[in-house]
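A.B. asks: I'll drop the sequence and a predicted model, then ask my questions.
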Amino acid sequence: MMVAIMIVVSITSRKKGYVPERERPSAGEIISALAASIWAFLFPIVLIGGIRFGIFTPTEAGAFGAIYAIAIGLFFYKELSWARFKNALECTMIDIGAIMIIIAYSGIFGYGLAYDRVGEAISKFILDFSQNHYVLLLMIVSFVLIAGMFIESVVIILLFTSILLPLVSKVGVDPVHFGLIFMIVVVLGLVTPPVGVSMYTVCSILDCSIEDYMKEFLPFLFAIVAVDVLIIFFPQIVLFLPNLIFGKG
């Protein structure tokens, strides 16, 4: 996925003239830029490391991230003033309010789907349509991609994992293989309209319209879907490492 997105970025930036005409930076410039951004660079390392080694939970990591950002902005970069802090709080409340409304309505929609057993009906339809695991996975990806446009990702995971996993297991799909295929397309729901939580967050921060966002996002959407389809037909792309670790053939 990283390689696919890098290719899209490279093509897009060159096509739109985002690449400046300048000489390559020297080693001194690179070291200087790294030193200037070291505190920001360390943040994801400390955050992920803290979660990985059990220092704090993902929820606590959010609080840690806020305290870390305040401390770095105040004492190291010395650019965090009271006016900027107040503005950050106001923007945060607006963004969180909008996102929570989306999640709340999406949760109601998900409850309705669960109550009417829509997931089970879809599972039966897919299984009756074909027993070929390639066809099943392509149908699941198509369905989850559409569902992700209207249902919050957490709701999709809780609602459909227990239904779809036994379905694909019946036709011999590795659970790890299915999990990666499933989660890639679930995450896409965060950035697709009309209920993309991350999409609204990005558009709010960048003061960008949904229309302009979608024009620039489409190449990335196609690239990620292409990666998911590639994984479907060539499972060893993602299974070779787990198989190597656990000694499977």
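C.D. replies: Yes, it's here. Residues are numbered from 1 along each chain as shown.

A.B. asks: Please name the residues that touch Asp174.
C.D. replies: 235, 239 (C-beta atoms under 8 Å, 6 or more residues apart in numbering). C-betas here are computed from N, CA, C, even on glycine.

A.B. asks: no no, Leu221
C.D. replies: If you count contacts by C-beta under 8 Å, 6+ apart, then Leu221 has 188, 191-192 around it.

A.B. asks: again, only this time at 7 Å
C.D. replies: By C-beta atoms under 7 Å, 6 or more residues apart in numbering, the contact set of Leu221 is Leu188.

A.B. asks: now swap in the one 10 residues further on and tell me
C.D. replies: Each residue near Ile231 by C-beta under 7 Å, 6+ apart is listed here: 180-181, 237-238.

A.B. asks: got the buried residues for the helix or strand harbouring it?
C.D. replies: In the assignment (DSSP states H and E), Ile231 maps to helix 210-233. By 16 or more other C-beta atoms under 10 Å, the buried positions in helix 210-233 come out as 213-214, 217, 219-220, 223-225, 227-228, 231-232.

A.B. asks: Make a markdown table from these and add distance to Met149 and pLDDT to it.
C.D. replies: Converted to a markdown table, these look like this (distance: C-beta to C-beta, whole Å; pLDDT from 0 to 100):
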| residue | distance to Met149 | pLDDT |
| --- | --- | --- |
| Tyr213 | 14 | 88 |
| Met214 | 12 | 88 |
| Phe217 | 13 | 89 |
| Pro219 | 18 | 92 |
| Phe220 | 16 | 92 |
| Ala223 | 18 | 93 |
| Ile224 | 14 | 92 |
| Val225 | 13 | 92 |
| Val227 | 19 | 93 |
| Asp228 | 16 | 92 |
| Ile231 | 21 | 93 |
| Ile232 | 20 | 92 |
